[in-house]
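> this one's sequence-less:
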């Protein structure tokens, strides 16, 4: 299984908002700090705002912030909101399934179980858990230092 860039960028954006909760962050700033596409990040932000993970404040002095505490945002919920689907194999998509052995195949069950286990594991963790260790938090802040920000 592989997560999309959309989900990857969403998790990165949310981690930054988690480690710097008192600041408002612009899409331009986040794109620069992570060296990722501004256009892609705009789409990610829209998804996260619609899902209720991020507040987007418009106008001068506006920006992005977490819509609720990081300890209340489960990783599984973020992944579910940002992934288009979880069709691991063709037969998971009932409309497009052309597999001739699907009615008798034993593969679907184990794959569905594995997917459920994956999402259930992510449901055990929150954004706050990702930055809970002080050493990790310090290193993350250093790696994401916004050297282009005005002083």
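Nice, I can see it. A quick note: this is a predicted structure, and the numbers were derived from the prediction, not measured.
> next one: stretch 83-103 to chain centre, how far?
From the chain centre to the centre of stretch 83-103 is a distance of 24 Å (Cα atoms, centre = their mean, to the nearest Å).
> Which residues does it contact?
Contacts with stretch 83-103, where a contact means Cβ atoms under 8 Å, 6 or more residues apart in numbering, come from 1, 3-4, 6-7, 105, 107-108, 111-112, 114-115. From N, CA and C alone the C-beta is placed, and that goes for glycine too.
> Just name the closest of the residues you listed to residue 20, please.
residue 7 (21.0 Å; Cβ to Cβ).
> Could I get the full set of helices for the protein?
In order along the chain, the chain carries the following helices (DSSP state H): 5-19, 27-34, 38-50, 75-82, 108-123, 127-130, 134-143.
> The longest one to helix 75-82, inter-axis angle?
What separates the directions of helix 108-123 and helix 75-82 is an angle of 120 degrees, with axes from the mean of the first three to the mean of the last three Cα atoms, to 10 degrees.
> which residues sit against helix 108-123?
For helix 108-123, the external contacting residues (Cβ under 8 Å, 6+ apart) are 1, 74-77, 79-80, 86, 88-89, 91-92, 102.
> and with 6 Å instead?
For helix 108-123, the surrounding residues in contact (Cβ atoms under 6 Å, 6 or more residues apart in numbering) are 74-76, 79, 86, 88, 91.
> in the helix-or-strand element of the chain with minimal mean pLDDT, what's buried?
Sorted by mean pLDDT, DSSP states H and E, the helices and strands of the chain end with helix 134-143, the least confident at a mean of 80. By neighbour count with 16 or more other Cβ atoms under 10 Å, helix 134-143 contains the buried residues residue 140.
> if we can go back for a sec, mark which of the contacts of stretch 83-103 are buried, thanks.
With neighbours counted by 16+ other Cβ under 10 Å, the contacts of stretch 83-103 contain buried members at 6-7.
> CSV please, covering the contacts of stretch 83-103 and showing pLDDT and distance to residue 24.
Below are these laid out as CSV (pLDDT from 0 to 100; distance: Cβ to Cβ, whole Å):
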residue, pLDDT, distance to residue 24
1, 75, 34
3, 90, 27
4, 92, 27
6, 96, 23
7, 95, 23
105, 79, 51
107, 79, 47
108, 78, 46
111, 84, 42
112, 87, 41
114, 89, 39
115, 89, 36
